[in-house]
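>>> could you look at this predicted model? Sequence included:
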Amino acid sequence: MPDRFRTAGRSLAAAVLAAALTTGGLAAPAPAEAAVSRAELALRWAPIHYQDVDATGSHALGGRSDYITSVDFDGDLNGRNNWDSAASSGASFAAHAYYSVSETSTHWYITYLFFHPRDWTDHPFFETEHENDGEGIMFAVERDGSTYGVLRGAVSVAHSDFYSYTPAGSTWTGGRENVDGTLQTQSSPHDSFAHPVTAQEAQGHGLKAYPQYNINGDGIVYYPSTVAETPSNGNDRDVRYKLVDIFASGGLWAQRANANLFANLGTFAGDNSGDCGVGTFSCSTNSANAPWGWDDGNDLPGRGEIATDSAKLAVEYFSIPGSLSRAYTYNPYASAAAALREAARTAPPVVD
């Protein structure tokens, strides 16, 4: 079970965040690329995350429905009881986020997933709710010889649409898709780095680069870390979240065939039990996705390729000077790539 209470002290003791100089939020070049683990890489580029919170209405649970947490926040891996479990006194809202890393000789691609037990609304008409919610972002990092590389571009998931961003000074520009904005960076009080900044709306939890979504009234600012803190309330502006490897032993990827957690390829299982949909238009079922199920149906990359073939997505979304290898030196999704492509081709669309 994840930690339920705030860990005392604010210093991040992890050795992975040793002091380093940064320039405009982008890692300064070094003569030769130093060895860095994928966990270190994911922690360095993990976003500072602004989460808007709405405490109104019974489905808000006083704001807790907008807190990020782990998929087993209720002590099990059953996706069909999460709506009800969120209201339980035993539910843990210790902050977690999931990540995966793939590599080519020229770039790293890091995907982050933020999970909520409820996608909810307090509107009485024309809007649906559903159990479970998974949205996130992929960062493309050029291997420029420095320890952590240089951030070049990002693509975020907001419901059934993708949005692309570049940080200030990036050499990448719009490709088949226009760049939707600038990816800002911000210093963290818990390490020596400037991190990209993302934000999620309340209720539906679409994710974009800050401040395209922002905190409106109450909200939580989450900082990447190796510990999981629980917000003290819905207006806590300093909460650390713990990164969890999607490919950890027994982790999210290992559970992909668990019918209690996933209804089909990359789609979380969720039903319409409890009060989901009560007082609004409806409660839809099996309506949230893991990264290998994310899709923008209007764009060329296939379902899940934002995570499973990030280099392909980068080429489609951006104009990229210099070299970009499409040959992976490490891609944990690759062993199932053919099955993923076939299943994605035949799977029914899932609209978040």
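Done, it's in.
>>> quick one: low-confidence parts of the stretch 251-352 of the chain?
336-351 (pLDDT under 70).
>>> which stretches of it form strands?
262-264, 267-268, 282-284, 288-289, 318-319, 328-330 (DSSP state E, counting those that start in this stretch).
>>> now for the fourth one, which elements pack on it?
If I follow you right, that is strand 288-289. Applying 3 or more C-beta pairs under 8 Å, 6 or more residues apart in numbering; DSSP states H and E, we find strand 288-289 packed against strand 128-142, strand 267-268. In short, each C-beta sits where N, CA and C put it, glycine included.
>>> what's next to that strand, contact-wise?
For strand 288-289, contacts defined as C-beta atoms under 8 Å, 6 or more residues apart in numbering pick out 119, 130-134, 266-268, 270, 295, 350, 352.
>>> which of the residues you listed sit farthest apart?
With distances taken as C-beta to C-beta, the most widely separated pair in the contacts of strand 288-289 is Glu131 and Asp295, at 19.4 Å.
>>> okay, those two: which has more neighbours?
A count of neighbours by other C-beta atoms under 10 Å puts Glu131 above the other of Glu131 and Asp295, at 31 against 24.
>>> closest one to Leu113 among the helices and strands packed on strand 288-289?
Per C-beta to C-beta, nearest to Leu113 of the helices and strands packed on strand 288-289: strand 128-142, 4.3 Å.
>>> and the helices and strands packed on strand 288-289 as JSON lines, adding distance to Ser102?
Formatted as JSON lines, those follow (distance: least, C-beta to C-beta, whole Å):
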{"stretch": "strand 128-142", "distance to Ser102": "10"}
{"stretch": "strand 267-268", "distance to Ser102": "21"}
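>>> what's near enough to touch Val157?
Going by C-beta under 8 Å, 6+ apart, Val157 touches Glu135, Gly136, Ile137, Gly206, Leu207, Trp294, Ile306.
>>> quick one: it from Ser225, how far?
According to C-beta to C-beta, to the nearest Å, Val157 stands 23 Å off from Ser225.
>>> so what touches stretch 97-104?
By C-beta under 8 Å, 6+ apart, stretch 97-104 touches 38, 41-42, 46, 49, 68, 108-115, 136, 222, 224, 241-247, 252-253, 291, 307, 310-311, 324-333.
>>> now that stretch: how far from the chain's centre is it?
Computed by C-alpha atoms, centre = their mean, to the nearest Å, the chain-centroid distance of stretch 97-104 equals 11 Å.
>>> try stretch 318-327
Offset of stretch 318-327 from its chain centre (C-alpha atoms, centre = their mean): 24 Å.
>>> Leu324 and Thr56: what is the separation?
Going from Leu324 to Thr56 by C-beta to C-beta gives 46 Å.
>>> so for the two, which sits in the more crowded spot?
Leu324 (18 against 11).
>>> that one contacts Tyr317, doesn't it?
No: using C-beta atoms under 8 Å, Leu324 is not in contact with Tyr317; the gap is 11.9 Å.
>>> for the chain, what spans make up the helices?
38-45, 82-85, 305-308, 310-317, 337-346 (DSSP state H).
>>> quick one, strands of the stretch 51-200 of the chain?
Using DSSP E, counting those that start in this stretch, strands in the stretch 51-200 of the chain cover 96-104, 107-119, 128-142, 150-158, 161-167, 173-174, 182-183, 185-187, 194-200.
>>> and the third one with strand 161-167, angle?
What it means is strand 128-142. Put simply, strand 128-142 runs at 30 degrees to strand 161-167, going by axes from the mean of the first three to the mean of the last three C-alpha atoms, to 10 degrees.
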